[in-house]
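*Asks:* Provided below are the primary sequence and the corresponding predicted coordinates.
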Amino acid sequence: LLDSCQLKNLTKKEVEDAKSHLIGSFTIHREDNKERADSNAYWSLMEKSPKEYAKSIKKVSLDDVQRVSKKYFKNNYAEVLICK
């Protein structure tokens, strides 16, 4: 099951499409005044800007995605989330 999460057949175009989708969704989301205020507060706390976020997304490569998926989606890896 975890092998299918390693994205071995992922293409560069799929990564570019995903990055475009993320940036587009983020941009549209910020068009609402309330969402923009929430976003501005968040980015102020993070000491970054929305432009830096978009630049960071643009830097992600196919190799980056595959490296991270191999690291976290192995048979001997488990992650637990505890909510209180």
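*Replies:* Nice, thanks for sending it over.
*Asks:* Helices along this protein, start to end?
*Replies:* 12-29, 33-46, 50-59, 62-72 (DSSP state H).
*Asks:* mind checking which of the ones you listed is nearest Ile82?
*Replies:* Ranking these by proximity to Ile82 (Cβ to Cβ) places helix 62-72 first, at 18.1 Å. C-beta coordinates here come from the backbone N, C-alpha and C atoms, glycine included.
*Asks:* Can you mark which positions in that closest one are buried?
*Replies:* 65, 69 (16 or more other Cβ atoms under 10 Å).
*Asks:* now do stretch 50-61
*Replies:* 50, 53.
*Asks:* got it, and stretch 34-52?
*Replies:* 39, 50.
*Asks:* now that stretch: mean pLDDT?
*Replies:* The pLDDT scores in stretch 34-52 average 88.
*Asks:* and for that stretch, what are the contacting residues?
*Replies:* Here stretch 34-52 makes contact (Cβ atoms under 8 Å, 6 or more residues apart in numbering) with 26, 29-30, 53.
*Asks:* rewinding a little: can you redo the helices of the chain as JSON lines with distance to Cys83?
*Replies:* Output for those, formatted as JSON lines (distance: least, Cβ to Cβ, whole Å):
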{"stretch": "helix 12-29", "distance to Cys83": "25"}
{"stretch": "helix 33-46", "distance to Cys83": "21"}
{"stretch": "helix 50-59", "distance to Cys83": "26"}
{"stretch": "helix 62-72", "distance to Cys83": "20"}
